[in-house]
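A.B. asks: everything below, folded, please.
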Amino acid sequence: MEARPPPHFNGSGEAWPPENGMNGPTPEDCTILLVLRAIALVFSLLGLVGNGTVLWFLCFRIPRNQFTVYILNLALADFTVLLCSFPTLLFVFGHPMKLDAAPFAMKVLLMLRIIHLFGYNTSLYLLTAISVERCLSVFQPIWYKCRRPQHQSVIVCVLLWGASCLLTGPEFFICDKEMYKSENKKCSAALIASFGFGFVIFAPLMVICSLSLLCKIRHSSQQRQPLKVYVVIAIAVLVFLMSTVPPRLLDLLLYFKLLPPGEISFFSAHHASMLCSSINSSGNPFIYVFVGGLWRKRGQGPIHGALQSVFKSEMQLTEHEEEAGI
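C.D. replies: A predicted model of the protein is given here:
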């Protein structure tokens, strides 16, 4: 039996005839699907350029510190997602709704889906780690300044990449075609575990830390200069939640047949989710440039100055927090 992943709405572009009694797209759907694919393709291309630019600046132009280690890994995870989405989307334009390509092409697409989900999960975990770390720097400033392990950022990133790898494999290799059709217990357990680990543990923790951080900053005694890092984190978390939580919930609802028949087109939902994933993975570089560009120093290039403004050193950030009474 050939392993085959269930139709997760994780941004991979290939579609296949759903095996749960859902019919193919109607002629009325085709125009909408074409538009969604085209927009997702544009966002994927912009995201590849944006995340690639961030990776280059962080590797060669901006001094490395504890915060930029997380951002570097986050950009790499998003770049991985888009690097898998872009060729898959191109393939979909040639094979819109049928799996009639060569077996080798199908194996490549399956590998792209696996790597895509791997990057997607890692992006969620890293964004949560960034929120938690910045929250600790505010609520436990003495520990953060004096007792924080020197290589904590690197260790945490390695552990999160490993956790994503451990959760990605079962979701795709346990759920083959027959298991998906029959809602096999092992397949259901793998899907629920992946969803629960990401959206019951990590996502709430990310939201709680981000809200606590913003509330603490809002009630600080001095607010002469905006803390750009915290603005970036808040916007990135908001974009992530708006663009990924609804599609992931829809994924489970369709898998467990909790939606009324005909309530929503499988193919429309899949392509809408594909677009949301592309927007999420493409958004962070533009957030950095937008927020940093509001306060960048004159005389610096628009991109380098904006990124330098956001990714200032941990020492400068800590000093500012102390001056602000946070």
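A.B. asks: what about the longest helix in the protein?
C.D. replies: Longest helix in the chain by number of residues (criterion: DSSP state H): helix 103-139.
A.B. asks: distance from the chain centre to that one, please.
C.D. replies: Taking C-alpha atoms, centre = their mean, to the nearest Å, the mean C-alpha location of helix 103-139 is offset from the chain mean by 6 Å.
A.B. asks: average pLDDT for the next helix or strand after it?
C.D. replies: Using DSSP states H and E, the next helix or strand after helix 103-139 towards the C-terminus is helix 141-142. Average pLDDT, helix 141-142: 82.
A.B. asks: equivalent analysis for stretch 292-308, please.
C.D. replies: 64.
A.B. asks: do stretch 120-130 as well
C.D. replies: Stretch 120-130 shows a mean pLDDT of 93.
A.B. asks: contacting residues around it?
C.D. replies: When contacts are defined by C-beta atoms under 8 Å, 6 or more residues apart in numbering, stretch 120-130 is touched by residues 10-11, 67, 70-71, 73-74, 77-78, 80-81, 156-157, 160-161, 163-164, 167-168, 194, 198, 202-203, 205-206, 209, 233, 236-237, 240, 244, 277, 280-281. In this view, the C-beta of every residue, glycine as well, is placed from N, C-alpha and C.
A.B. asks: weed out the non-buried ones from these.
C.D. replies: In the contacts of stretch 120-130, burial by neighbour count holds for 10-11, 67, 70-71, 73-74, 77-78, 80-81, 156-157, 160-161, 164, 167-168, 194, 198, 202-203, 206, 209, 233, 236-237, 240, 244, 277, 280-281, counting by 16 or more other C-beta atoms under 10 Å.
A.B. asks: now, which of these lie within strands?
C.D. replies: Among these, none falls in strands (DSSP state E).
A.B. asks: please flag which of the residues you listed sit within helices.
C.D. replies: Counting by DSSP H, these contribute 67, 70-71, 73-74, 77-78, 80-81, 156-157, 160-161, 164, 167-168, 194, 203, 206, 209, 233, 236-237, 240, 244, 277, 280-281 to helices.
A.B. asks: OK, contacts around the residue lying closest to G119 once chain neighbours are set aside?
C.D. replies: Distance criterion C-beta to C-beta, 6 or more residues apart in numbering; nearest residue to G119, sequence neighbours excluded, is T80 at 3.4 Å. Taking C-beta under 8 Å, 6+ apart as the criterion, T80 is in contact with 115-116, 118-119, 122.
A.B. asks: return a PyMOL selection command for the buried portion of these.
C.D. replies: To isolate the buried members of the contacts of T80 in PyMOL, using 16+ other C-beta under 10 Å:
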select buried, resi 115+116+118+119+122
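A.B. asks: turn the contacts of T80 into a markdown table, including distance to L254.
C.D. replies: Below are the contacts of T80 laid out as a markdown table (distance: C-beta to C-beta, whole Å):
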| residue | distance to L254 |
| --- | --- |
| I115 | 23 |
| H116 | 19 |
| F118 | 22 |
| G119 | 23 |
| T122 | 24 |
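A.B. asks: and which of the contacts of T80 is nearest V92?
C.D. replies: H116 (13.5 Å; C-beta to C-beta).
A.B. asks: so that closest one sits against P87, correct?
C.D. replies: No - contact criterion C-beta atoms under 8 Å: H116 and P87 do not qualify, at 10.6 Å.
A.B. asks: wait, V231 sits on F290?
C.D. replies: No - here V231 lies out of contact with F290, judged by C-beta under 8 Å, at a distance of 9.6 Å.
A.B. asks: the more surrounded of the two?
C.D. replies: V231 (19 against 15; other C-beta atoms under 10 Å).
A.B. asks: tell me the secondary structure at the more buried one.
C.D. replies: In three-state terms, and counting by DSSP: H, G, I helix; E, B strand; the rest coil, V231 is helix.
A.B. asks: just give the nearest non-adjacent residue to it, would you?
C.D. replies: V291 (5.2 Å).
A.B. asks: so who does that neighbour touch?
C.D. replies: 228, 231-232, 235, 306, 310.
A.B. asks: could you redo the last one with a cut-off of 6 Å?
C.D. replies: Counting by C-beta atoms under 6 Å, 6 or more residues apart in numbering, V291 touches 228, 231-232.
A.B. asks: how about these in CSV, adding distance to L110?
C.D. replies: As requested, the contacts of V291 are exported to CSV (distance: C-beta to C-beta, whole Å):
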residue, distance to L110
K228, 41
V231, 39
V232, 35
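A.B. asks: make a markdown table out of those residues and add pLDDT.
C.D. replies: Below are these laid out as a markdown table (pLDDT from 0 to 100):
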| residue | pLDDT |
| --- | --- |
| K228 | 73 |
| V231 | 80 |
| V232 | 84 |
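A.B. asks: which one of these is nearest to L136?
C.D. replies: V232 (17.1 Å).
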